[in-house]
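Novice: My questions concern the predicted model and sequence given below.
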Protein chains: 4
Amino acid sequence: MPVSQAQPRWQRRADARPQELLDAALAEFVERGYAATRLEEVARRAGVAKATLYLYYENKLELFKAVVRHSLVAAFDELAKEQRDAATSARAQLTKLLAAFVHRVAESPLSGLPKLVIAEASNFPDVARFYHDEMIRRGREVFTGVLERGIASGEFRAVDVDHAWRIVIAPLLLSIIWKHSFAAFEAAPLDFERHLDAHLDLLFNGLATDRRKRIRR
Amino acid sequence: MPVSQAQPRWQRRADARPQELLDAALAEFVERGYAATRLEEVARRAGVAKATLYLYYENKLELFKAVVRHSLVAAFDELAKEQRDAATSARAQLTKLLAAFVHRVAESPLSGLPKLVIAEASNFPDVARFYHDEMIRRGREVFTGVLERGIASGEFRAVDVDHAWRIVIAPLLLSIIWKHSFAAFEAAPLDFERHLDAHLDLLFNGLATDRRKRIRR
Amino acid sequence: MPVSQAQPRWQRRADARPQELLDAALAEFVERGYAATRLEEVARRAGVAKATLYLYYENKLELFKAVVRHSLVAAFDELAKEQRDAATSARAQLTKLLAAFVHRVAESPLSGLPKLVIAEASNFPDVARFYHDEMIRRGREVFTGVLERGIASGEFRAVDVDHAWRIVIAPLLLSIIWKHSFAAFEAAPLDFERHLDAHLDLLFNGLATDRRKRIRR
Amino acid sequence: MPVSQAQPRWQRRADARPQELLDAALAEFVERGYAATRLEEVARRAGVAKATLYLYYENKLELFKAVVRHSLVAAFDELAKEQRDAATSARAQLTKLLAAFVHRVAESPLSGLPKLVIAEASNFPDVARFYHDEMIRRGREVFTGVLERGIASGEFRAVDVDHAWRIVIAPLLLSIIWKHSFAAFEAAPLDFERHLDAHLDLLFNGLATDRRKRIRR
DNA sequence: GATGAATGAGCCTTCATTCAT
DNA sequence: GATGAATGAAGGCTCATTCAT
C-alpha cells in the first residue's frame, strides 16, 4: 500500500499547544460562531494576552481548524474507550454505542463541536469536509456495521441501513444541538438519560402497539 | 414600437421589494451566519444597493429578525395547508404531518431557518426564544397531541411522550441541517422521500425483529 | 465709473424662492451647524419633500449660501428702517443704533446668523468673507463713523476708535450668541432691554466713580 | 555608530499620547465643528492611525467631551496661576483678571473652546450645560464678586451687576471668537493688547466726556 | 412642480494582525 | 515567551443627491 504522496491537509502540529487556548477557543467558537468570536475574548478566557495566541497559531483560521481537529480527536478518544467487542449482541452493542455518545460527548464540552461545524460548514468547506470525512464517515461505518450485523444475525429487521444509521443517531445529535441553543428557554434541562431511554425504547420496539412487547433493555 | 435605448438605473418596486430582500437575506444568513453576512452581499443578491436595505429595515439586526419572523410565519402557513383532520387514525395523521414537513419545509428555502436559529441562538437569545416559543412549542403541542391521541386510542404504545415527540422529528430536522451543511460532500443528495420512509418504518415498527410485523404504510 | 467686469459671486437668484425653505433652513443650520443639518429635517420643517429642495437650490451648499445671503439682506433691511438722521447727537444716534440691533435683530430669528457664520467660518471661508465684507465692514463703518463724529463734536472722549467699535457691539453680539447657546440652562431668559440699558450706562459713564482718574492701569 | 536603516513603523508613546490626541482634536473640532471633523484628520494631525484614537477614547463623542473637559480644566489652571489677592483694589484686580484671560487663554489654543462649545451647544446640550455650570458660573461668580467689592468700597458706581459682568467680558470673548472666524480676512491680526487697553479705558472711564450727564438715553 | 424610491460616497467603528519592548 | 500598543482593512450606517413617476 503506497504512502500518500500529498501533504496531509491537517498537520498534527498544533496538538502540542496549550490545552487552555483550545478550550477557551472551543467555548467561544461554539457560543458565538467563527465570525463573531473575538480573539480578544478567547485570550481573556484563556487568561493570556491576545498577542500570545499568535505564538501558537498563525491566525484565527488556523486556531479554528486546530480547535475542530483537536476536538474531533478528543471525541474519538472518548468514544474509543468504549471497546466494541463483537462478542455481544448487536442490540447490546448499539445500546452501548449510543450510551457512550451520550455520556462521553453529549455531556462534555465536546458536544459543541457538531453545532460549530454545522454552523460554519459553508464558510469553511474544508473544515466541514474534514469533519465529514473523519467523523461522519466513521460514524456511518460503525453504525451501519452494527445494523448490518444485527440484520445478518436476525436480531434486527431488514431495514434501509443507508438511512437507518442517520435515524439512529439523530435524536442524540439533536439533543446536543438543543442543549447549545434552547436549553436556556426550557423549564428543566433535557434529561439525557431519559431521552436515551425513550429513544432506545422507540428504536427497538417501535411506536405501534404489539401484543408481544419486548422487555425494556 | 421603439425600444427604449437606455436601461433605467433602477426600478421602482416598493411592493415586491421586502420579499426579495428577505429572500436574499435568508439565503445569505443561512449560508454564512449573521456576523459573516455582509449587507453588501445581501443587497447584491437582491439586486439593489446596500443603502436600499435601510429603506426597509432599520439595521442588520432588524433585518435578521424580520427574516426569522417572516420565515417562521411562512413555515406555519405551509404546514397549515395540511389540514389535520382528527377523523383519521393517529398513525395516518402523524404520517401526514411528517410528510408535510418534508415536502413543504425541508425541500424549500425555509429549511434554512432552523439551522440559522440554532447557529445564532447564543448571539441572539431573544430571537432564539421567539423561535422556541412560537415554533418549537407549537411543534411539541402538535406532536405530543397526536402521540397522546394514538396512545389513548390504543394505536400506539404508552411511550414517554415528553421525549418521544423530539425523537419523532429529530431525523427530519437533522436531515435539513445536513442538507445545509454536508450536502456538498456526499456523492448523492439525501433522498428525503426514502429517508422519510425509513424513518416511518422504524418509528412504527421498531428495529427489533418481530414475527407479527405491521404492513408498511 | 466702469461697471465691474466680474460676475458677482453672490447672485440674487434665489431671493425669489419660497421664504419657507429659507426660514426652515436658517433655523436648522443655526441649531445644528452646517454639517449636522439634514436636508430631510429642513424639508420636514418646511413641510415639503426632501427632493423639493432641489427644485430651488442646486445643493446643500447653495442653500446654505442663500440662507446667509438672504438673512444678511433681511438684517440690513431691518436695520435700514432706522433712519440715521445726522441731525441728532452722536450719543443719541449710537443709542438708536444699538437699540435697533437689539429690537430688530437680536430678538428675531435673524439673530442666529452671526452664530451660524462664526461656527462655519473656517469650513466656508467664502461665506465668512462675504459676511465679513458685507456685514462687518459696514457695521464697522457705521459705528466708527458715529464714534468719530462724537469725538469730533466733543461729545465723546478721544478713544481708540479702531477697537472701540468692537467693544461697543460686543455685549450685544454676545447676548445673541448666548441666547442660542445657553439660554436653556439659565433660570430666566436674558432680558435684552435691561442688558442694553446696562451696556449703555457703562458705555457712556464708565465703571469708575472718580471722574478724574485718567491714569492708565 | 551605525544609523538604524529602517524607521520604526510607529513609536510607543502611551504617556504623551492622550495629550497629543486632545490637542489635535481640539484644533480640528474648533476649526470644523463636531460633525465636519473627521477622525481620520484628527489622527493624521496627531501622527497616529485612526484606530489608535479608539485606544484612548471610546468614540468620537467621548473624544469630544474629553476635549471640552480637558480644555476647561486647562483653562482653569491657567487662570488660577493669577492669584487673586484681595488686598489690591477692585480695579487692579479686575484689570488683572482680564489681562490673565487675554494672555493665558485668548492667545493660546484654549481660545477655541468657547467657539466650539457655542457652535455645538444645541447638538450636545449636556456638554453645553457642563461648560455653563463649570466655566460660566464660576466666571460670573468671580466677576460679579469683583464688581460688588468695588461698588461696596466705593471704587465703582452702583451698576447693574447681573448684566455688567457679561459686558465686562464680552469684548474679550468676542475677540477670541473673531480670531477663530474672521482673522483671515483682516489686514492685520487683532492686537489683543491694544484691544484690552481700549476696553479697560472705556470700561473704567466711559465714552462720554461730560461727567454730569446722567440722563438715561 | 412635487415626491417617493433608490443609490454612491463617505465616515465611524471594530478587529485580526503586527511591532517594539 | 509574553504583552501592551499600534494599525490596515473591512463593514455598518448615513445622507446628499438623483431618478422615475
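Specialist: Alright, I've got the coordinates.
Novice: which residue does chain A bring closest to chain B?
Specialist: residue A:206 (2.9 Å; Cβ to the nearest Cβ). Backbone N, C-alpha and C define where each C-beta goes, glycine included.
Novice: contacting residues for that residue?
Specialist: Each residue near residue A:206 by Cβ atoms under 8 Å, 6 or more residues apart in numbering or on different chains is listed here: B:157, B:202-207.
Novice: Using TSV, lay out those residues together with secondary structure, pLDDT and distance to residue D:77.
Specialist: Output for the contacts of residue A:206, formatted as TSV (DSSP: H, G, I helix; E, B strand; the rest coil; pLDDT from 0 to 100; distance: Cβ to Cβ, whole Å):
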residue	secondary structure	pLDDT	distance to residue D:77
B:157	coil	91	85
B:202	helix	93	82
B:203	helix	94	81
B:204	helix	92	86
B:205	helix	89	88
B:206	coil	81	86
B:207	coil	75	84
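Novice: now, among these, which is nearest to chain C?
Specialist: Closest to chain C out of the contacts of residue A:206 is residue B:203 (59.4 Å), distances taken as Cβ to the nearest Cβ.
Novice: How many residues are close by the closest one?
Specialist: A total of 22 residues lie near residue B:203 under the criterion other Cβ atoms under 10 Å in any protein chain shown.
Novice: re the thing from before, quick one, phi/psi of the closest residue to the residue of chain A closest to chain B other than its chain neighbours?
Specialist: Excluding the flanking residues, the one nearest residue A:206 by Cβ to Cβ, 6 or more residues apart in numbering or on different chains is residue B:206, at 2.9 Å. Backbone torsions of residue B:206, given as degrees, to the nearest 10, read phi 80, psi 170.
Novice: For the nearest residue to residue A:106 once chain neighbours are set aside, what is the enclosing helix or strand?
Specialist: Nearest residue to residue A:106, sequence neighbours excluded (Cβ to Cβ, 6+ apart): residue A:176, at 4.7 Å. According to DSSP states H and E, residue A:176 maps onto helix A:161-181.
Novice: I'd guessed residue A:67 sits against residue A:26; true?
Specialist: Yes - Residue A:67 is within contact range of residue A:26, at 5.0 Å (criterion: Cβ atoms under 8 Å).
Novice: Overlap in contacts, the two.
Specialist: Taking Cβ under 8 Å, 6+ apart as the criterion, residue A:67 and residue A:26 both touch residue A:116.
Novice: Could you check which of these two is surrounded by more residues?
Specialist: Set side by side, residue A:67 and residue A:26 show more neighbours around residue A:67, with 28 against 23, by other Cβ under 10 Å.
Novice: Contacts for the helix or strand the more buried one falls within next, please.
Specialist: Taking DSSP H and E as the criterion, residue A:67 maps to helix A:60-80. For helix A:60-80, contacts defined as Cβ under 8 Å, 6+ apart pick out A:10, A:14-15, A:17, A:21-22, A:25-26, A:29, A:34, A:39, A:42, A:53, A:56-57, A:100-101, A:104-105, A:108, A:110, A:112-113, A:116-117, A:120, A:124, A:127, A:130-131, A:134-135, A:138.
Novice: mind listing what's buried in that helix?
Specialist: For helix A:60-80, burial by neighbour count (16 or more other Cβ atoms under 10 Å in any protein chain shown) applies to A:60, A:63-72, A:74-75, A:78-79.
Novice: Same question for stretch A:195-214.
Specialist: By neighbour count on 16+ other Cβ under 10 Å, the buried set for stretch A:195-214 is A:195-196, A:198-210.
Novice: ok so, going back, would you mind pulling up the elements that the helix holding residue A:176 packs against?
Specialist: Helix A:161-181 is packed against helix A:90-100, helix A:112-120, helix A:137-153, helix A:192-205, helix B:112-120, helix B:161-181, helix B:192-205, with contacts defined by 3 or more Cβ pairs under 8 Å, 6 or more residues apart in numbering or on different chains; DSSP states H and E.
Novice: what sits against the closest residue to residue A:32 other than its chain neighbours?
Specialist: Nearest in space to residue A:32, with sequence neighbours left out and distances taken as Cβ to Cβ, 6+ apart, is residue B:123 at 5.7 Å. By Cβ under 8 Å, 6+ apart, residue B:123 lies in contact with A:31-33, A:36, B:34-35.
Novice: Check those residues one by one and keep those near DNA strand E.
Specialist: By Cβ under 7 Å from any atom of the strand, no member of these lies near DNA strand E.
Novice: Report the two of those separated the most.
Specialist: A:31 and B:34 (13.3 Å; Cβ to Cβ).
Novice: Which one's more surrounded, the two?
Specialist: residue B:34 (22 against 17).
Novice: Checking the more buried one next. Helix, strand or coil?
Specialist: Taking DSSP: H, G, I helix; E, B strand; the rest coil as the rule, one finds residue B:34 in the coil state.
Novice: which non-adjacent residue is nearest it?
Specialist: The nearest residue in space to residue B:34 (Cβ to Cβ, 6+ apart) is residue B:120, at 5.0 Å.
Novice: The one you found touches residue B:128, doesn't it?
Specialist: Yes - under the criterion of Cβ under 8 Å, residue B:120 makes contact with residue B:128 at 7.3 Å.
Novice: which of these two has more neighbours?
Specialist: residue B:120 (24 against 21).
Novice: need the contact list for that one.
Specialist: Residues near residue B:120 by Cβ under 8 Å, 6+ apart: A:33, B:33-34, B:64, B:127-128.
Novice: Please repeat the previous calculation with a cut-off of 10 Å.
Specialist: Counting by Cβ atoms under 10 Å, 6 or more residues apart in numbering or on different chains, residue B:120 makes contact with A:32-33, A:36, A:119, A:181, B:29, B:33-35, B:64, B:68, B:127-128, B:131.
Novice: next one: residue A:155
Specialist: Per Cβ under 10 Å, 6+ apart, neighbours of residue A:155: A:89-92, A:94, A:146-147, A:149, A:204, B:207-209.
Novice: coming back round to it: what subset of the contacts of helix A:60-80 is buried?
Specialist: Taking 16+ other Cβ under 10 Å as the criterion, what is buried in the contacts of helix A:60-80 is A:10, A:14, A:17, A:21-22, A:25-26, A:29, A:34, A:39, A:42, A:53, A:56-57, A:100-101, A:104-105, A:110, A:112-113, A:116-117, A:120, A:124, A:127, A:130-131, A:134-135.
Novice: In helices, which of those residues appear?
Specialist: Counted as lying in helices by DSSP state H, out of the buried ones among the contacts of helix A:60-80, are A:21-22, A:25-26, A:29, A:39, A:42, A:53, A:56, A:100, A:112-113, A:116-117, A:120, A:127, A:130-131.
Novice: just to revisit the earlier point, Serialize the helices and strands packed on helix A:161-181 to TSV and add fields for distance to residue A:164.
Specialist: Below are these laid out as TSV (distance: least, Cβ to Cβ, whole Å):
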stretch	distance to residue A:164
helix A:90-100	11
helix A:112-120	20
helix A:137-153	6
helix A:192-205	10
helix B:112-120	22
helix B:161-181	10
helix B:192-205	6
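Novice: mind checking which of those is nearest DNA strand F?
Specialist: For the helices and strands packed on helix A:161-181, proximity to DNA strand F was assessed by Cβ to the nearest atom of the strand; helix B:112-120 is nearest, at 13.8 Å.
Novice: ok and that closest one relative to helix A:161-181, angle-wise?
Specialist: Counting by axes from the mean of the first three to the mean of the last three Cα atoms, to 10 degrees, helix B:112-120 lies at 50 degrees to helix A:161-181.
Novice: Figure out how far helix B:112-120 is from the centre of its chain.
Specialist: Computed by Cα atoms, centre = their mean, to the nearest Å, the chain-centroid distance of helix B:112-120 equals 9 Å.
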